[in-house]
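Enquirer: Quick one, fold the following:
(one chain, ligands or ions: 1)
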Amino acid sequence: MCKPDNIVILTGAGISAESGVATFRAADGLWEGHKVEAVATPEGFAADPALVHAFYDARRARLDEVVPNAAHEALALLDAEWPGELLIVTQNVDDLHERAGAQRLVHMHGELLKAWCLACDSRVPWTGSMSEAAICPACAAPGRLRPDIVWFGEMPYDMDRIEAALRNADLFVSIGTSGAVYPAAGYVQTAKYCGAHTVEINLEPSQGSIFFDEVRLGKAGVEVPKWVEEMLA
Ligand code: OAD
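Expert: This is a model prediction of the structure:
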């Protein structure tokens, strides 16, 4: 293909796996030990907020123990050096892309390091644990904070910006995602329909693998730096 101008990169849990962050659907994945409805739906939160807070508190605390890997660093380098449009759309709620230095980034499924106040609708930075009694730093309401995570049945963030970038993309690259969760799983088809070349980088073929023009199988920590080097050559 000709050198592209505009790139959209979708990332999933697989890009953080080599940093030591659990993926969702592996045999030892995050969903194995939990009922998804209990910890990742608004109904689960209403039924047992203490359980949901404990689940996300543990994941937030884990962030202190992990660091970005070569794949996050390579994407941050591409972001810094790519002269055309570029958008990294991550489904991940960790902060490893930004810690590596990525700037053109959206967290479509929210962020562990933010709280959402159901009283005043503010989204505020949050570290440490978030109890049921936690007080909103913006409006001082007690007991109305929840993790700023997009749960099942909720609308992902930045949909308009993502759709516009996909329609404008010459190249769409999907990294470390199983293609099991929509709307992200459908982005390859949107980009392809709008004329983009599509590349998948994953340990194994994803559920939407047939929609990719090119599939590169292997670890993100190896394959992503290789791909970025080709792009910047
Ligand atoms: P999954 O756990 O479904 O998929 C992770 C993918 O990464 C799998 O296809 C693995 O083969 C691949 N993988 C694992 N290790 C890898 C490595 N070192 N290098 C490259 N690939 C590797 O995670 P996601 O696709 O991100 O949403 O899951 C999508 C969404 O499902 C998540 O954002 C989450 C979950 O429900 C919400 O919580 C809203």
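
Enquirer: Mind naming the longest strand for this protein?
Expert: Counting by DSSP state E, the longest strand found in the chain is strand 110-117.

Enquirer: Quick check: can you name the pairing partners of it and their directions?
Expert: Paired neighbours of strand 110-117 in the sheet (DSSP bridges): strand 123-125 (antiparallel), strand 145-149 (antiparallel).

Enquirer: Around A141, how many other residues sit close by?
Expert: Counted by other C-beta atoms under 10 Å, the residues lying close to A141 total 15. Backbone N, C-alpha and C define where each C-beta goes, glycine included.

Enquirer: Close to the ligand: what parts of the chain are there?
Expert: Residues of the chain found near the ligand (C-beta under 6 Å from any ligand atom) are 12-14, 17-18, 23-25, 29, 40, 91, 109, 150, 176-178, 180-181, 202-204, 206, 219-220.

Enquirer: Return the subset of those residues lying in strands.
Expert: Mapping these onto strands (DSSP E) picks out N202.

Enquirer: model confidence over the longest strand of the chain, on average?
Expert: Averaging pLDDT along strand 110-117 yields 98.

Enquirer: do stretch 32-45 as well
Expert: Here the average pLDDT along stretch 32-45 is 89.

Enquirer: which residues make contact with it from outside it?
Expert: Residues outside stretch 32-45 that contact it (C-beta atoms under 8 Å, 6 or more residues apart in numbering) are 26, 47-48, 51-52, 55-56, 146, 149, 151-154.

Enquirer: let's see 10 Å
Expert: Residues outside stretch 32-45 that contact it (C-beta atoms under 10 Å, 6 or more residues apart in numbering) are 22, 24-26, 30-31, 47-48, 51-56, 59, 109, 118, 146-147, 149-154.

Enquirer: Give me the buried positions along the helix-or-strand element of the chain with minimal mean pLDDT.
Expert: Here the helix or strand of the chain ranked lowest by mean pLDDT, DSSP states H and E is helix 36-39, holding a mean of 90. Buried residues in helix 36-39, counted by 16 or more other C-beta atoms under 10 Å: V39.

Enquirer: same thing with stretch 93-108?
Expert: Neighbour-count burial for stretch 93-108 flags 93-100, 102, 104-108 (criterion: 16+ other C-beta under 10 Å).
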